[in-house]
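# here is my input, please return the structure:
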Amino acid sequence: MNRKKLQKLADSLCKSAKHFNKFEVECLIKLFNTLGVEPSDRHAVVGLDRNSFRNILHVTFGMTDDMIMDRDCFDVYDLNSDGYISREEMFHMLKNSLLKQPSEEDPDEGIKDLVEITLKKMDYDHDGKLSYADFEKAVRDENLLLEAFGPCLPDMKCGMAFEAQAFQETSDL
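This is a model prediction of the structure:
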C-alpha cells in the first residue's frame with residue numbers, strides 16, 4: 001500500500017476510531033497488511049479467516065478457551081444464545097470467575113447481590129435481563145464493564161506487549 005493510500009484510509013478511519021490517533025491507525029493498517037490478508041481472487045473480501053484469527057489469539061495473546069475465541073464478548077456471556085444475558089447466566093459466569101473465600105457466609109448470596117448490582121448498572125430498559133443494546137450502552141459508558149462477568153479478552157499484559165511491539169515494528173516499515 002502506497003503512502004498516499006495509507007494516509008487517506010487512516011484519515012477515513014480516524015473519524016470513527018475515537019480511541020486511536022492517526023499514527024496508531026496507520027500502524028494498525030500496516031500490521032493488518034502484514035498478516036497476509038490479501039484475497040486470493042478479486043471477488044473475495046479482504047480479511048482474516050476464522051483459523052487465522054484464532055491462531056493470532058492463541059499465539060499472540062495466549063488465548064486457548066474455544067468458547068471465548070469463537071464468540072464476541074456479549075455472546076460469551078449469553079450462554080444459551082437467546083439474545084439476552086439473564087440473571088441465571090450472570091450468576092453462573094460470576095460464580096465461575098470469582099475467587100472463593102473461606103467464610104461463614106453463603107458465597108451464593110454474595111454472587112446474587114453482585115447480579116442485582118450489575119443489573120441496576122447495566123439494565124437500561126429495566127426488563128430484568130441484558131439485551132445486546134443494554135450491554136453495548138453500558139460498556140460504552142464504562143469500559144470496565146466489558147468483563148463484568150469474567151474475562152473475555154486477553155489479559156492486559158499481553159495486550160500492552162502486543163501494542164508496544166505492533167506500534168514499534170510498523171513504524172519501522
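# I'd like the next helix or strand past the one helix or strand in the chain whose mean pLDDT sits lowest.
The weakest-scoring helix or strand in the chain, judged by mean pLDDT, DSSP states H and E, is helix 66-69 (a mean of 58). Using DSSP states H and E, the helix or strand that follows helix 66-69 in sequence is helix 73-77.
# give the next helix or strand downstream of that next one.
Sequence order places strand 84-85 as the next helix or strand after helix 73-77, per DSSP H and E.
# now what about whichever helix or strand comes after that next one, what contacts it?
Next along the chain after strand 84-85, taking DSSP H and E as the criterion, comes helix 87-97. Helix 87-97 is contacted from outside by 77-80, 107-108, 111-112, 114-115, 118-119, 128-130, 149-151, using CB atoms under 8 Å, 6 or more residues apart in numbering. C-beta coordinates here come from the backbone N, C-alpha and C atoms, glycine included.
# same thing but 10 Å
Identification of contacts with helix 87-97 by CB atoms under 10 Å, 6 or more residues apart in numbering yields 76-80, 82, 85-86, 107-108, 110-112, 114-116, 118-119, 122, 128-130, 147-152.
# could you export it as PDB, CA atoms only?
The C-alpha atoms that make up helix 87-97 are tabulated as PDB, following Å, rounded to 0.1, in the frame of the first residue of the first chain:
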ATOM      1  CA  ARG A  87     -29.800 -13.400  35.900                       C
ATOM      2  CA  GLU A  88     -29.000 -17.100  35.800                       C
ATOM      3  CA  GLU A  89     -26.300 -16.600  33.200                       C
ATOM      4  CA  MET A  90     -24.800 -13.700  35.200                       C
ATOM      5  CA  PHE A  91     -24.900 -15.900  38.300                       C
ATOM      6  CA  HIS A  92     -23.100 -18.800  36.500                       C
ATOM      7  CA  MET A  93     -20.400 -16.600  35.000                       C
ATOM      8  CA  LEU A  94     -19.700 -14.700  38.200                       C
ATOM      9  CA  LYS A  95     -19.700 -17.900  40.300                       C
ATOM     10  CA  ASN A  96     -17.000 -19.300  37.900                       C
ATOM     11  CA  SER A  97     -14.900 -16.200  37.700                       C
END
